[in-house]
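J.: Sequence first, predicted model second:
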Amino acid sequence: QYSQRIQEKYTDHVLVGTNYKLVYSSLRGTKRKNFYLLRLNLNAYGNTLYSLFKAAKVAQNEQAQYTIYGTPFTSFVSGELDYTYNIMMGKKSSWVLHTDIGIGSPTFNASTLPFERSFYIGGSNSMRAWNLRSLGPGSYHGTLSTFESTGDLKIEFNIELRHPIYKSFYAAYFADAGNIWNLRTNVELPNGAFDWNRFYKEIAIDGGMGLRWDISFLVLRMD
C-alpha cells in the first residue's frame, strides 16, 4: 500500500491554471560572436480554483481535497530558469555553458507536485551518464527508485567544448553536474530532501566525449 503522496502523484488529477513562458536570445544576424539563450517558465495551478471552492463551501473528498466530477484538481506553484551561453573560439570551435535551475511546491489542494510537473534529471540532454529519471532525489537509492526519481528542486550545470574534425563532423568534450531533491522530508525517501549541510555532497558529476554531425538544419549527436 503506497502512501497518499505517491498515490496522488500517479493517479488522475485535473490541471487548471496559468503558465508564463519567456524565451530570449541575444543572437543577432549571421556574424559569429558570443550569444546567450534564456528560457523562463512560471506556473501557478489550482490556487484560484481552490479559493473559489472554499468560498462556495464545496464538500471535500476523504483526503480533504476539492474535486471536479470526482477527480481532484492539483494545486502548485513552480518556476524554472534555463540559461545557455555560447563562447565562440576561432572559426568553428565553441564552448557551451548551460545552467538549469527549477523549484516547485504543492499548495492548498495537493501534498505533492503532479508527476508531469515534477523535476527530473538524466538522459541525453541532461546528466548524460544516467538514464532519464534514474538519478535522485538526493542520495536516495532504494525500492522506490524505479518510479520516484522526481523532485521539487533541480540544479544542473553542463559545459561542452566543440571543435571541427572533418567537414561537418565535430568532436565534443563535456561534463555535467547536478541532482534533484524534495523540499520536504519523507520517511519513504531517506536522504531525498534538500539539506544545506549535505546537498553539495549529493551533486552528481559525469564527463565524456561525443561526436556531432551538423547537417545544417539538424545536428545528430552521439555521446
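T.: Cool, the structure landed.
J.: Next up, the contacts around Leu189.
T.: Neighbouring residues of Leu189 by CB atoms under 8 Å, 6 or more residues apart in numbering: 137-138, 140, 142, 144, 148, 182. No exception for glycine: its C-beta is placed from N, CA and C like everyone else's.
J.: doesn't it fall inside a helix?
T.: No - going by DSSP: H, G, I helix; E, B strand; the rest coil, the assignment for Leu189 is coil, not a helix.
J.: the strands in the chain, which residues?
T.: Taking DSSP state E to define them, one finds strands in the chain at 17-25, 35-45, 67-68, 71-72, 76-89, 93-106, 153-166, 169-181, 204-214, 219-222.
J.: what about burial for the contacts of Leu189, which qualify?
T.: Among the contacts of Leu189, those buried by neighbour count (16 or more other CB atoms under 10 Å) are 137-138, 140, 144, 148, 182.
J.: what about the residue lying closest to Phe73 once chain neighbours are set aside, distance to Gly70?
T.: In space, and not counting its chain neighbours, Phe73 is closest to Val14: 4.0 Å by CB to CB, 6 or more residues apart in numbering. From Val14 across to Gly70, the span is 10 Å (CB to CB, to the nearest Å).
J.: So if I had to pick from these two, which one is more boxed in?
T.: Val14 (17 against 7; other CB atoms under 10 Å).
J.: Might you report the residue contacts of that one?
T.: Neighbouring residues of Val14 by CB under 8 Å, 6+ apart: 68, 71-74.
J.: picking up where we left off before, out of the contacts of Leu189, what pair is the most spread apart?
T.: Gly142 and Asn182 (13.8 Å; CB to CB).
J.: what's next to the lowest-mean-pLDDT helix or strand in the chain, contact-wise?
T.: Lowest mean confidence among the helices and strands of the chain (mean pLDDT, DSSP states H and E): helix 4-10, at a mean of 77. Helix 4-10 is contacted from outside by 63, 72, 74, 110-115, 118, 144, 147-148, 150, 186, 188, using CB under 8 Å, 6+ apart.
J.: What ranges in the protein fall below the confidence cut-off?
T.: Applying pLDDT under 70 to the chain picks out residues 1-3.
J.: ok, longest helix in it?
T.: Longest helix of the chain, by residue count under DSSP state H: helix 47-55.
J.: next one: that helix to chain centre, how far?
T.: 28 Å (CA atoms, centre = their mean, to the nearest Å).
J.: Give me the packing partners of it, helices and strands only.
T.: With contacts taken as 3 or more CB pairs under 8 Å, 6 or more residues apart in numbering; DSSP states H and E, helix 47-55 sits against strand 17-25.
J.: who does the strand it packs on pair up with?
T.: strand 35-45 (antiparallel) (DSSP bridges).
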